[in-house]
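build me a structure from this.
(2 chains)
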Amino acid sequence: MIKNRLTVIFLSTFAVFIFFLTPNVTTGDGGELATTAYFLGVAHPSGYPLYLLAAKTLIFLPFGNIAFKVAITSAFASALVLTLLYWLIQRLTSNNWSAFFTISLLLQSYAFFTQSVIAKFYPLNLLIILLIFTPWILLLFFNNSKHRALSSPDITIERAFQISAFLLGLSLSNHHTGLIIAGPVFLASILFFYIAHKTNCAATCETAGDTAHPLRPTALRTYAVQWSKIAIKSFIPFILGAMVSVYLILRGSEDSFFTPSVIGDFDTFCQVFFRQAYGSGGTISIASNTLSGSNIASYGHALANSISILIASFSLFSIPVFIAGCLLLLKRNISVFIFVIACIFVYGPFLALLTLSNPDLSEKDYYIHASQHFLPAMMFYTIIAGIGFYQIFLWIKKLDFRIIYRCLPVVFALFPLFFLSERAVDSNYRTNHVAYQLPKDSLSILPVNSVIVGIGDNAVFQGWYMKVAGRYREDICQLSAVDTKMRAWKFHACKPVVYMNTVPMIFSQKFEEFAPLMMKGRFYGSAFIFSDSAYGDYITSDVFSLVYLYYPKNKHIPKKREEGYDTFENLLSRQINADKLIYPSGCLSHLTDDVFTRHLCFKYSAAMTKLAQYYSGEEYGRTGHTYNLTLRDGDTPDKRAYIDTKIHITNKNMSILKRASAIGDFNKWDIFFLRNRD
Amino acid sequence: MGYILFTKSGLKKTLGIGLCLLFIIFMRLLLDQWQAYDMGMDMLEKGDNRTAIMFFDRTLNAHIPFSPLENNARSELLKLASGYEKNKDYEFALLCYESVRTSRYLARHIWIPDNDELPFLNDRIADIKATLLVRDGMFKDHRKAYDQQMTILSSDYAPSTFWSIIVVITFWAYLGLIVLWIFRKKKVYLTFGIMSFMLWIVALYLA
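All right, here's what the predicted structure looks like:
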């Protein structure tokens, strides 16, 4: 019966995620992960081989496109998480409605739902964490003197150690936050030994007086020896799990056709594996800096931020249920309580201390950290809430209201699903085609044999997907840069083996050699070049529909006229032609509050506003009204304006301006879910 | 727990669940295709070709093997492309041809769907690009420009399909066998697990 129920839960939750799943590439890392999985490359640090191999497996499905199949990995992992969670809570409470309440609470949460319908490694990370957590909670809950879980004969302390060690090793090849569970697992193993010996003692040492106390030195020594023996035996499974990271060395070589992270030697391996490429954001640096440099205020902010994320995700109604769960665990099994609270602590306030301890959270904080990193904390919170749900109905049962006891659990267990309607309008990735359409449109408008510099993750990653995986507009060479301050451009989507014949000058990396290409109107970028940019002394830029046309500053083109370059004279006609090729309506129909989607939509809005400027002359019939045209570069931290002027509204540009404003209004940042709730 | 998979009823159930998963994915894609194709035809009737191209592109991206909707969408895109080409509206023709070609590459799994069409698409794309290059004064000789584009379009640097399949099979075999070894403590699982790992390494190298 339970097996059938689990099957139904797995299939139905999978169906929900598949219905809302992104139809194509998503913003953020989506394009990179899809392309890298297809080419079996190494993604951005820490490389994520486990995720890429899982995604590569699904790429062999004969349905859909590569990005869609890669996103199925998230849906699959999340459906497994919910199924395992149901099984676990059902096991702990013997109550189906409590289990159902737990999974419906997690399912409706913004962060969990959103991560389940896009290409990201967090759901897989969550599954690994839950798989590590499960044997330990079962051991603590059902432990007896024989070190075996009463109701789960497959779980022994030795197996729990070994499977946890294997999964911890494996988590090294996914997201490193998976490793944090090692702390609570260590605690659980100590608790288990303590309780097991206490139980033993209660049975055998009653007559031995005080010396038989489970914490006496000889007993402690015995526990330590036993614990160490089992822990040492777990070292081999850990290594067997960690060996998956060998992938990085084998597939990160420079010879690979496509790999975002190149690994040539031990140093570069460490840079990728420990994320040292991110400097202070690296795995080791972030841990050591935080632990050594945190003050009381940052502890406070971390706690406040993690609480606010939990409240935003589950609403206030979940708090009494959570408290009831804590009370039941405190009463019945304090070791389980300590273990689960430790898990919430390490994935809540502790992780917030590492990644989210600012008093004022920025756009990036909300989007990158708040809605992704705290999934495990949310899951552990729902576990206690599920147990609390059971406690509440035990109280009601005591009151002897039979009808209420039978009806209310159904209503309350289903209640969180009501909030799924919110997900249909803020996480409905099925309606979001922007991350696919924008890079496609950006490439479509470029002349043949052009070069485009993708600047920032969104421009670069989605460009890779279109150009390298999709082979769209293969005549165009796409260079990559983290930001406009970066002097050396990278060649992931412009390999010499392909482009040496079309744009050989690019590989010299010397400005004077590719300046002639610019003069022919064949050099573009995804960001505006300000004078303090790396190439600010050489390049000036102008809006060209969705991208920016880069051309040399006058001092570098002394013979412009003599050489017959006429690029800039016909910019208007080219701009108008380009704008016929783009399709901005996707920015008016997506039901997601994805920050990067909004950011990309700004490019459509800006392109149209700039087009309106072209049509603001007297010949188009001015209406007498003006419009403040301010275009800002979203890729710079301070969002500097590169165009700030007034344009005349004319009969010709009025509809364009209205459309641009509509896109701007539809994609306003202030309705982002987590911020709104905060 | 893993050995459940290897009992007769366990295997049947696992296969049943797998088929259900495939059916769910299939239904989602069918819905996407049906909606996108319908919208595409609507837009085509209204004369909004740009929007129609976009919807047909979405139809192709929700790839289902042997789907009549997908075939129709591809035909419509190719018809539009040919019309644009005749009218010397090369940018739009290129958009249509490239959309069809890219959708095939993005739908690739063990093979590329409708790959028999790729030589035709490559030829049209290379020809249009060569025409544009000559028009823009980047090339004087159409043939040379065509050859240059054709070289890029015809080469494929994708990883080896055979070795990629071996990579994923040996990888999951390795993980599964190690889990079995942990739970059942039989050395045979560890031995086969290590063999899978070694084969995985070889396949990763050769893929």
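
OK, contacts around A:I341?
For A:I341, the residues meeting the contact criterion (CB atoms under 8 Å, 6 or more residues apart in numbering or on different chains) are A:326, A:384. In this view, the C-beta of every residue, glycine as well, is placed from N, C-alpha and C.

ok, it to chain B distance?
28 Å (CB to the nearest CB, to the nearest Å).

repeat for A:R221
Using CB to the nearest CB, we find A:R221 at a distance of 28 Å from chain B.

in the stretch 301-450 of chain A, which spans are strands?
A:427-428 (DSSP state E, counting those that start in this stretch).

which residue does it bring closest to chain B?
Of all residues in the stretch 301-450 of chain A, the one sitting closest to chain B is A:V448 (4.6 Å; CB to the nearest CB).

let's see the pLDDT reported for that residue.
The model reports A:V448 with a pLDDT of 93.

again with A:I576
80.

tell me which element it is part of?
helix A:571-581 (DSSP states H and E).

can you give me the buried ones in stretch A:184-198?
The neighbour-count check on stretch A:184-198 (16 or more other CB atoms under 10 Å in any protein chain shown) flags A:184-185, A:187-189, A:191-197 as buried.

ok, and of the residues you listed, which contact chain B?
The subset of the buried residues of stretch A:184-198 within reach of chain B, by CB under 8 Å from any CB of the partner chain, is empty.

could you point out the helix or strand that follows the helix holding A:I576?
strand A:591-592.

dump the residue contacts of A:G536.
Contact analysis of A:G536 by CB under 8 Å, 6+ apart lists A:529-530.

return the backbone torsion pair for it.
The phi/psi pair for A:G536 (degrees, to the nearest 10) reads phi -60, psi -30.

state the pLDDT value of it.
pLDDT, A:G536: 85.

re the thing from before, pull out the buried positions in the helix holding A:I576.
Buried-residue list, helix A:571-581, by 16+ other CB under 10 Å: A:571, A:574-575, A:578-579, A:581.

do the same with stretch A:82-96
So, applying 16+ other CB under 10 Å, buried residues of stretch A:82-96: A:82-93, A:95-96.

filter those down to the ones close to chain B.
Okay, of the buried residues of stretch A:82-96, nothing touches chain B (CB under 8 Å from any CB).

looking at the buried residues of helix A:571-581, which is nearest chain B?
Nearest to chain B among these is A:L581, at 6.0 Å by CB to the nearest CB.

which ones are touching that closest one?
A:441, A:444-445, B:50, B:91-92, B:95.

run the last query once more with 10 Å
When contacts are counted by CB atoms under 10 Å, 6 or more residues apart in numbering or on different chains, A:L581 touches A:440-441, A:444-446, A:545-546, B:50, B:53, B:91-92, B:94-95.

let me see the ranges of the helices in chain B.
Along chain B, the stretches classed as helices by DSSP state H are B:8-46, B:49-61, B:68-86, B:90-106, B:118-135, B:142-154, B:161-184, B:187-206.

need those helices in CSV with distance to A:M379, can you?
Shown next, in CSV, are the helices of chain B (distance: least, CB to CB, whole Å):
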stretch, distance to A:M379
helix B:8-46, 23
helix B:49-61, 33
helix B:68-86, 39
helix B:90-106, 33
helix B:118-135, 46
helix B:142-154, 48
helix B:161-184, 22
helix B:187-206, 29
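
got the phi/psi numbers for the residue nearest the centre of chain B?
For chain B, the residue nearest the mean C-alpha position is B:A107 (1.6 Å; CA atoms, centre = their mean). Per-residue torsions, B:A107: phi -90, psi 10 (degrees, to the nearest 10).
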